[in-house]
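K.L.:
give me coordinates for this.
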Amino acid sequence: MRVSGPLRKADPGEALLARARVKRAQIRELYFYRQEISENAARYQEKAPKGRIKLVLPYDGDQYFSRQARRDIGHARRPPAEAMIGHLVLTGFEHANLDGLLDEGPTHGSVPIKVRILDLADPGEPDPLVADRSACIISHNYVPDTHHFKVDPVDVDAWLRDPDDAGFSPIDVDRDFDRKRLQIMRQVGFLPELRLHMTVRLVIPREQATAARAKVRQVFISWPTHTSLRALRLKVGVMNHPIRYNPRREGLEWSDITMEPEADPGAGDLLTFASPQMILVIPQPGELYQETSLSGQVKVTVNRLLSGLDARLYDATGTLRGQPQVARQSLVSTKFELTLDDAFARRTLSPHQQLHFDEVIPAETRIDDVMMALKNLGFRADDPWPDQGPEKRWLYAERPEGPDLLQLVLYVEGKQHKSRRQRTVPGGMTYRTELDSGELRIYAYGRLARSSRPVVREMNALRVALRERFDRLPARR
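P.N.:
Residues are numbered from 1 along each chain as shown. Model (predicted):
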């Protein structure tokens, strides 16, 4: 049975529904913090955060505001001022002041998407609703709440370091034994350059961490003088990274550093994303010694809303739209100030020493002697690769030194050889004996903030303790 009849005209009191869909849907939150990096570190919120919902609908007559949507408008008795094309359904809005924006009644928790209907064209003129010459932009501002944050979301860590030409770092020894071995064995000289190290961390709730993508969008550091970029170099991780000088802001800038999640502790409500270590190599640091502080700004973005807000898009028929996806982004801007006097005082110093013990046969018992000597000096010693044997062995040791951590990395290299001894007795008889012998070399690398004296003192104490042990060995008699 087929029934037909005239289309019902829309009631002037009803919201006019049009079968259109938005091209872009975005929710963005901005947070503003300030941080002081010094002995008396401080962090606080600089100003109130901001949130904005933005929807874009082109009047294109095709994909978005289609001919069908234009016919829906034409069914009205008189041209309406606006038409509803769907709802933006929100969840997790407890920490955002959206009460005045949310729809009331059975659709509470959603934001009606109402678009402006342009003045209809006269006969013979292009219809502005389908002429693809304009677009409707719908925006709503709100204020996210930060009282539920357990910690400030972004932390900037910066410190200075005087490097040496050994180029040794205890990181990733297990990946390249031979290269690290050659580095720690080098005779050390100091380089004239200074290095500014920076690491940025972002903390977000655990439930938001799945498939989250975070990055350092921009880093800015004020610079005391106009400088040539050929005199500066930036390393991010192990790779060189582009850097630029901004004459208007009088500082250095770089951008787009991907952050990776740190190891999951398996407990707690928060997870941390961290940037690779960013190292600014300063060949001529003389200007810095005349400054009291370095100021800058770090901007971090993540495809999550830190207020906990989430959204889904429905069209005028109540159908969940898969496209476009609602883009969500939080941007945390942190202005920081690095107190240079404190940074110079706290910079990590790395003394090196070489300990040589002749006529000592390398063996596992000698490794045990080294480990015992370290423990007697109060260190927590670690032997991570015992399968390397006594000839090529890496050992680690650390202990608290005031508020800091004193670290030692030891590379023990042993060699075995034959030793010939000759003795002449009265009467002209000479006796020759071949004995097993060897030598043991220990290359020590230390790390400690503020002072190198405790490191040198402990290296010397280790030398004395080992000398006392090794002097009693049969190979030395």
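
K.L.:
show me where pLDDT drops low in the stretch 101-250 of the chain?
P.N.:
103-108, 118-124, 164-167, 170, 172, 174, 187-191, 225-230 (pLDDT under 70).

K.L.:
show the backbone phi and psi for the closest residue to residue 93 other than its chain neighbours.
P.N.:
For residue 93, ignoring the flanking residues on the chain, the nearest one in space by C-beta to C-beta, 6 or more residues apart in numbering is residue 309 at 5.6 Å. (Each C-beta comes from the backbone N, C-alpha and C, glycine too.) Main-chain dihedrals, residue 309, degrees, to the nearest 10: phi -70, psi 140.

K.L.:
what's the per-residue pLDDT of residue 309 here?
P.N.:
In this model, residue 309 is scored at 90, pLDDT.

K.L.:
could you report the neighbour count for it?
P.N.:
The burial metric for residue 309, expressed as a neighbour count using other C-beta atoms under 10 Å, is 23.

K.L.:
now residue 448
P.N.:
22.

K.L.:
what do you get for residue 241?
P.N.:
With other C-beta under 10 Å as criterion, residue 241 counts 17.

K.L.:
contact partners for it?
P.N.:
By C-beta atoms under 8 Å, 6 or more residues apart in numbering, the contact list for residue 241 reads 234, 235, 254, 257, 278.

K.L.:
mind pulling up the pLDDT for the fourth one?
P.N.:
The one in question is residue 257. pLDDT, read off for residue 257, is 95.

K.L.:
please report how far the closest residue to it other than its chain neighbours lies from residue 198.
P.N.:
Distances taken as C-beta to C-beta, 6+ apart place residue 216 nearest to residue 257, at 3.9 Å, with adjacent residues excluded. Distance of residue 216 to residue 198, given as C-beta to C-beta, to the nearest Å: 9 Å.

K.L.:
between the two, which contacts overlap?
P.N.:
In contact with both residue 216 and residue 198: residue 275, using C-beta under 8 Å, 6+ apart.

K.L.:
what segments of the stretch 1-150 of the chain are helices?
P.N.:
Ranges of helices in the stretch 1-150 of the chain, per DSSP state H, counting those that start in this stretch, are 67-74.

K.L.:
helix, strand, or coil at the residue of the chain most remote from its centre?
P.N.:
Largest separation from the mean C-alpha position in the chain: residue 427, at 79.6 Å (C-alpha atoms, centre = their mean). Following DSSP: H, G, I helix; E, B strand; the rest coil, residue 427 is assigned to coil.

K.L.:
distance of residue 304 from residue 238?
P.N.:
29 Å.

K.L.:
okay, these two: which has more neighbours?
P.N.:
Taking neighbours as other C-beta under 10 Å, residue 304 and residue 238 compare with residue 304 leading, 24 against 10.

K.L.:
contacts only, for the more buried one.
P.N.:
For residue 304, the contact set (C-beta under 8 Å, 6+ apart) comprises 204, 208, 212, 328, 330.

K.L.:
immediately after the host helix or strand of the last one, which helix or strand?
P.N.:
Under DSSP states H and E, the secondary-structure element containing residue 330 is strand 327-339. Next along the chain after strand 327-339, taking DSSP H and E as the criterion, comes helix 340-346.

K.L.:
circling back: which of the contacts of residue 304 ranks first by neighbour count?
P.N.:
residue 330 (26 neighbours).

K.L.:
in contact with it, which residues?
P.N.:
Residue 330 neighbours (C-beta under 8 Å, 6+ apart): 28, 29, 30, 31, 153, 301, 302, 304, 305, 306.

K.L.:
what number of residues lie near the second one?
P.N.:
Other residues within reach of residue 29 by the criterion other C-beta under 10 Å amount to 23.

K.L.:
coming back round to it: now render the contacts of residue 330 as JSON lines, adding distance to residue 20.
P.N.:
Compiled in JSON lines, the contacts of residue 330 are given as follows (distance: C-beta to C-beta, whole Å):
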{"residue": "28", "distance to residue 20": "23"}
{"residue": "29", "distance to residue 20": "27"}
{"residue": "30", "distance to residue 20": "29"}
{"residue": "31", "distance to residue 20": "34"}
{"residue": "153", "distance to residue 20": "37"}
{"residue": "301", "distance to residue 20": "30"}
{"residue": "302", "distance to residue 20": "31"}
{"residue": "304", "distance to residue 20": "29"}
{"residue": "305", "distance to residue 20": "26"}
{"residue": "306", "distance to residue 20": "31"}
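
K.L.:
quick check, nearest of the residues you listed to residue 376?
P.N.:
residue 153 (44.9 Å; C-beta to C-beta).

K.L.:
how close does that closest one sit to residue 272?
P.N.:
Where residue 272 is concerned, residue 153 sits at a distance of 10 Å (C-beta to C-beta).

K.L.:
what do these two both touch?
P.N.:
With C-beta under 8 Å, 6+ apart, residue 153 and residue 272 have common neighbours 202, 203.

K.L.:
ok so, going back, pull out the buried residues from the contacts of residue 330.
P.N.:
Neighbour counting with 16 or more other C-beta atoms under 10 Å marks 28, 29, 30, 31, 153, 301, 302, 304, 305, 306 as buried within these.

K.L.:
what's the spacing between the fifth one and residue 29?
P.N.:
To tie it back to what came earlier, the one meant is residue 153. 11 Å.

K.L.:
which neighbours do the two share?
P.N.:
Contacts common to residue 153 and residue 29, judged by C-beta under 8 Å, 6+ apart, are 306, 330.

K.L.:
may I have the secondary structure class of the closest residue to residue 418 other than its chain neighbours?
P.N.:
Spatial nearest neighbour of residue 418, chain neighbours left out: residue 434 (5.3 Å); criterion: C-beta to C-beta, 6+ apart. On the three-state scheme (three-state DSSP), residue 434 is labelled strand.

K.L.:
now residue 434: how far from residue 440?
P.N.:
20 Å.

K.L.:
so which of the two has more stuff around it?
P.N.:
A count of neighbours by other C-beta under 10 Å puts residue 440 above the other of residue 434 and residue 440, at 25 against 9.

K.L.:
OK, contacts around that one?
P.N.:
356, 357, 360, 362, 366, 412, 413, 414, 470.

K.L.:
nearest to residue 93, of the residues you listed?
P.N.:
Once C-beta to C-beta is applied, the member of those that ends up nearest residue 93 is residue 412, at 61.1 Å.

K.L.:
list the beta-bridge partners for the closest one.
P.N.:
residue 393, residue 442 (DSSP bridges).

K.L.:
was I right about it contacting residue 389?
P.N.:
No - taking C-beta atoms under 8 Å as the definition, residue 412 is not a contact partner of residue 389, at 9.9 Å.

K.L.:
okay, those two: which has more neighbours?
P.N.:
Neighbours were counted for residue 412 and for residue 389 using other C-beta under 10 Å; residue 412 has more, 22 against 14.

K.L.:
if we can go back for a sec, need the max-distance pair from the contacts of residue 440.
P.N.:
413 and 470 (15.0 Å).

K.L.:
ok, the closest residue to residue 451 other than its chain neighbours - how many residues close by?
P.N.:
Excluding the flanking residues, the one nearest residue 451 by C-beta to C-beta, 6+ apart is residue 349, at 6.8 Å. Residue 349 has 18 neighbouring residues, counting by other C-beta under 10 Å.

K.L.:
check residue 366 too.
P.N.:
23.

K.L.:
how about it, secondary structure?
P.N.:
Applying three-state DSSP: residue 366 is helix.

K.L.:
what about it, distance to residue 436?
P.N.:
Taking C-beta to C-beta, one finds residue 366 at 13 Å from residue 436.
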